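> okay, sequence plus prediction incoming.
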Amino acid sequence: MRDPLSKAVTGLAPSGIRRFFDLANTMEDVISLGVGEPDFDTPWHIREEGIYSLEKGRTFYTSNSGLMELREAIGEYLARRFDLSYSAGEIFITVGGSEAIDIACRVMLDPGDEVIIPEPCYVSYLPCVILAGGTPVRLPLSAEDQFKLTPEKLESAITERTKLVVLPFPNNPTGAVMSGPELKKIAELVEKHDLFVLSDEIYAELTYGERHVSFASLPGMKERTVLINGFSKAFAMTGWRLGYAAAPENILKQMIKVHQYVIMCAPTTSQYAAIEAMRNGDKDVEFMRESYDERRRFLVHELNEMGLPCFEPRGAFYVFPSIKSTGLTSEEFATKLLESQHVAVVPGTAFGDCGEGFLRISYAYSIENLKNALEKIKIFVDSLR
């Protein structure tokens, strides 16, 4: 019998996150600090709108682009929060931000087109590029630069075949944030080399200190940018599976065409709930952001105190401490910690080879859980000395 499987798919490595947590799920009493999911319930007034849509029998397909009312609300939200100007016709609704990333790669890449992917980063970019027929160019970032993308590093990776640059900021897993002046230097290179940008801004609302600057808000960058965002992180709506893309009309039209064939439309109930989130969710986001900020400061302080150096993350809800002083690899540290103390964290290598020597720890958990986990991590670290 011939091989029924695609070589492109079988050649992909499984997600380092999922592989590790399959092991954790076989154990009892595990304190997990690994999943990037808010521990808050979706705010009640948002859930109520979803429930009401079901009670009213709104269980039909929407247009491929999504509800007009939602797209208009997103446009108003982007203008209010990030100084962006998108009409409803420049926005379409997806099944989570991940679908938008996948479709953007499919409609923008031809075989041989190179995509620069700064790492450490979210695990989906590389496989989406490969499955779209593009060539990923992995660009390692460093702790010395606080895991930010510098113009020098970007220019060193650009070739004649470079078409697309992924901007994963605020960053998962490091918590790194790019400021306006830093992004402007990247924008100069994008224009100089006639490139396009996939800007994943799913954590845009979760920054601490400086307000998030959207890459598309910079002069001349809107027409070069596919903006990815969604509801999972800031609005605690992971299970609603709703995201969106905002992009130039010529790109968006083709994205909607692919979406039409493979998805049809995003869940209708989720879309009605999301309208409420866009119009009346700012206070909920502020409350959750303040809670994350408290946890962030606590976690960074405690990790530094126990001898695991951790630069201060300015966005998302992760810290990325160095464990190099222990002499263990990231995989060894995470595995031994899980086996001996039943605390689950993610090896930095799950997010790229340059994550070796680091761990991703999520603080989307209560202070009580964080305290319990940190006590166990300290016991483990002390046992190595």
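The structure has been received and is ready for your questions.

> can you name the residues in contact with the lowest-mean-pLDDT helix or strand in the chain?
Here the helix or strand of the chain ranked lowest by mean pLDDT, DSSP states H and E is helix 16-24, holding a mean of 71. With contact meaning CB atoms under 8 Å, 6 or more residues apart in numbering, helix 16-24 is reached by 30, 32, 34-35, 123, 334-335, 338, 344, 346-347, 349-351. For every residue, glycine as well, the C-beta is placed using N, CA and C.

> what's the first helix or strand after it?
Where DSSP states H and E defines the elements, the next helix or strand beyond helix 16-24 is strand 31-32.

> that next one packs against which elements?
Under the contact definition 3 or more CB pairs under 8 Å, 6 or more residues apart in numbering; DSSP states H and E, strand 31-32 sits against strand 343-344, helix 367-383.

> show the subsequent helix or strand relative to it.
helix 44-55.

> wait, a strand at P313?
No. Read with DSSP: H, G, I helix; E, B strand; the rest coil, P313 is coil and lies in no strand.

> wouldn't it be in contact with L299 here?
No. Counting by CB atoms under 8 Å, P313 stays clear of L299, with 9.3 Å between them.

> what's the closest non-adjacent residue to N304?
Closest residue to N304 apart from its sequence neighbours, by CB to CB, 6 or more residues apart in numbering: C310 at 5.6 Å.

> quick revisit: put the buried members of the contacts of helix 16-24 into a PyMOL selection.
A single PyMOL command selects the buried members of these (16 or more other CB atoms under 10 Å):
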select buried, resi 30+32+34+35+123+334+338+344+346+347+349+350+351
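
> show me what the longest helix seen in the chain is packed against.
When the chain is parsed with DSSP state H, its longest helix is helix 282-305. Applying 3+ CB pairs under 8 Å, 6+ apart, one finds that helix 282-305 contacts strand 318-319, helix 367-383.

> want to throw those into TSV with distance to W240, mean neighbour count and mean pLDDT?
Listed next are the helices and strands packed on helix 282-305 as TSV, based on distance: least, CB to CB, whole Å; neighbours: other CB atoms under 10 Å; pLDDT from 0 to 100:
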stretch	distance to W240	mean neighbour count	mean pLDDT
strand 318-319	22	28	97
helix 367-383	24	16	95
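
> between the ones you listed, which one is nearest to D113?
Of all the helices and strands packed on helix 282-305, strand 318-319 sits nearest to D113, with 30.2 Å by CB to CB.

> sheet partners, orientation included, of the closest one?
strand 359-362 (antiparallel) (DSSP bridges).

> need the helices for the stretch 51-200 of the chain, in chain order.
For the stretch 51-200 of the chain, the helices defined by DSSP state H, counting those that start in this stretch cover 68-82, 96-108, 125-131, 151-157, 180-192.

> report the mean confidence score over the first one.
Spelled out, that is helix 68-82. If you average the pLDDT over helix 68-82, you get 98.

> residues contacting that helix, please?
65, 84-93, 204-205, 212-214, 217, 244, 246, 271-272, 274-275, 278-279, 282.

> pLDDT at Y272, what is it?
Reported pLDDT for Y272: 98.

> can you redo the helices and strands packed on strand 31-32 as TSV with distance to T26?
Supplementary listing: those in TSV, determined by distance: least, CB to CB, whole Å:
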stretch	distance to T26
strand 343-344	11
helix 367-383	18
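
> re earlier: can you redo the helices of the stretch 51-200 of the chain as CSV with distance to L303 and mean neighbour count?
Listed next are the helices of the stretch 51-200 of the chain as CSV, based on distance: least, CB to CB, whole Å; neighbours: other CB atoms under 10 Å:
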stretch, distance to L303, mean neighbour count
helix 68-82, 31, 18
helix 96-108, 28, 24
helix 125-131, 27, 21
helix 151-157, 26, 14
helix 180-192, 25, 16
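
> I'd like those helices as CSV, with distance to E305 appended.
Shown next, in CSV, are those (distance: least, CB to CB, whole Å):
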stretch, distance to E305
helix 68-82, 35
helix 96-108, 35
helix 125-131, 34
helix 151-157, 32
helix 180-192, 30
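
> who wins for proximity to D41 among those?
Comparing those by CB to CB, helix 96-108 comes nearest, at 18.7 Å.

> in a markdown table: the contacts of helix 16-24, plus distance to K153 and pLDDT.
Formatted as a markdown table, these follow (distance: CB to CB, whole Å; pLDDT from 0 to 100):
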| residue | distance to K153 | pLDDT |
| --- | --- | --- |
| V30 | 37 | 86 |
| S32 | 33 | 87 |
| G34 | 28 | 84 |
| V35 | 30 | 81 |
| V123 | 21 | 93 |
| A334 | 27 | 94 |
| T335 | 31 | 92 |
| L338 | 33 | 93 |
| A344 | 32 | 92 |
| V346 | 24 | 94 |
| P347 | 23 | 95 |
| T349 | 20 | 95 |
| A350 | 22 | 93 |
| F351 | 17 | 95 |
